[in-house]
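>>> Provided below for reference: sequence and predicted model.
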Amino acid sequence: MFTLKKSLSYAFGAGLLVATAVASTSAMADTLNGAGGTAIYPVLSDWAVAYQKISGTSVNYQAIGSGGGIKQIESKTVPFANSDKPLTPDTLAQQGLVQFPGVIIGITPVVNLPHIKAGELVLDGKTLADIYLGKVTEWDSREIKALNPHVRLPHMKITTVHRADGSGTTFNFTNYLAKVSPEWKNEVGSDTAVSWPGNGVGGKGNAGVANYVQRIRGSIGYVEYAYVMQNHMAYTRMKNMDGRVVRPELSSFQAAAAHADFTKTKDFYLILTNQPGARTWPITAATYMLMRRDTPKGDNERVLKFCGWFLDHGQRYAEKLDYVPLPKNTVAQIKHYWKTELGI
């Protein structure tokens, strides 16, 4: 039985991304169990459906957030996890883990404003940070007007929406804000969970944030781009590091991914927010697969068979949802890493 929901309308519309675990890998040979970030769920769902058809192996994935996935792989509950926050080499060594990227994602501010269409509103990093700091509280404030002189902005209170669970999407979003706002860096910082300023609303998973933004007029949130497209949400354009206004799309994510030189990193540890380049989307990230060194080799081989399949054959599913597939040289580097670190 295939237990990972294929229907994205179910995942997004209902706001439920958790597929119930039915058995451990040791108890059911034709099922792989995993847990972690919600940003990868849309493409992982498609990968899992296709992989089950060609291999007979179903992938049962609990989309509970990166923080939850990290906890589950550390506690040996699942043979693989996913996190949009890369773990440092020291943390990996302490926990007996390995990590490698699976795909590149784009994180996108979304709004619910009358008369404002997708891509009509422009924000920059400092203004976005000031909104979440509670310093910019109205949509027709002078800071937002300066960026949008020809947009009819409503006189409306801003309601911020953030993740309520441990989230790699939050890690990358707050990492970006910390890079563009010294005040954010000093007062809030960056992690999978932070102490959010003000009286914002917290949603569980990317789907929860999307759901709240769709329900609350005057709200702003941040979600992985596939959720924007699936829910037909009004995204903002962003002014990037080079001062150019860009929209979230495959080409701007690819421009940021061009800076992902994993050959110069240990354990693929790399953060891609606020990269230079005229076409670069500023809130771009790699999402990572996590595995344990002490998992029985046979179980790790089954996980890597699935990972090898989606790295080699899953690109069309990723591009269809505006994820950026990894280049062939990075895939070769990942497979070499499997041999040296896991002996597979």
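Yes, it's here. Note that the structure is predicted; figures quoted are calculated from it, not measured.
>>> would you map the helices across this structure?
Along the chain, the segments classed as helices by DSSP state H run 8-13, 41-55, 66-74, 89-95, 125-133, 142-147, 168-180, 182-187, 205-215, 225-231, 250-257, 297-313, 315-320, 328-342.
>>> mind putting these in a markdown table, mean neighbour count, distance to residue 155 and mean pLDDT included?
In this view, the C-beta of every residue, glycine as well, is placed from N, C-alpha and C. What follows is these, written out as a markdown table (neighbours: other C-beta atoms under 10 Å; distance: least, C-beta to C-beta, whole Å; pLDDT from 0 to 100):
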| stretch | mean neighbour count | distance to residue 155 | mean pLDDT |
| --- | --- | --- | --- |
| helix 8-13 | 18 | 31 | 38 |
| helix 41-55 | 21 | 36 | 96 |
| helix 66-74 | 24 | 37 | 97 |
| helix 89-95 | 14 | 47 | 98 |
| helix 125-133 | 22 | 16 | 98 |
| helix 142-147 | 14 | 11 | 98 |
| helix 168-180 | 26 | 25 | 98 |
| helix 182-187 | 15 | 26 | 98 |
| helix 205-215 | 25 | 20 | 97 |
| helix 225-231 | 23 | 26 | 95 |
| helix 250-257 | 22 | 31 | 96 |
| helix 297-313 | 18 | 48 | 97 |
| helix 315-320 | 17 | 40 | 92 |
| helix 328-342 | 15 | 48 | 97 |
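>>> output these as CSV; include the columns distance to residue 284.
Formatted as CSV, the helices of the chain follow (distance: least, C-beta to C-beta, whole Å):
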stretch, distance to residue 284
helix 8-13, 21
helix 41-55, 15
helix 66-74, 16
helix 89-95, 22
helix 125-133, 13
helix 142-147, 21
helix 168-180, 8
helix 182-187, 18
helix 205-215, 16
helix 225-231, 10
helix 250-257, 4
helix 297-313, 19
helix 315-320, 14
helix 328-342, 15
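>>> does residue 276 touch residue 243 like I think?
No. At 10.6 Å, residue 276 does not count as touching residue 243 under the criterion of C-beta atoms under 8 Å.
>>> between the two, point out the one with more neighbours.
Legend: neighbour count by other C-beta atoms under 10 Å for residue 276 and residue 243, higher for residue 276 (12 against 8).
>>> and the more buried one, what does it touch?
Residue 276 makes contacts with 241-242, 259, as judged by C-beta atoms under 8 Å, 6 or more residues apart in numbering.
>>> what residues go with each domain of the chain?
8-103+287-342, 107-262 (automatic domain parsing).
>>> out of these, nearest to residue 280?
Closest approach to residue 280 among these is made by domain 107-262 (4.4 Å; C-beta to C-beta).
>>> residue contacts, residue 297?
Neighbours of residue 297 in contact, by C-beta under 8 Å, 6+ apart: 342-344.
>>> quick check: which of the domains of the chain is nearest to residue 281?
Using C-beta to C-beta, the domains of the chain put domain 107-262 closest to residue 281, at 3.7 Å.
>>> can you give me the end-to-end span of that closest one?
Domain 107-262 has an end-to-end distance of 20 Å (C-alpha to C-alpha, to the nearest Å).
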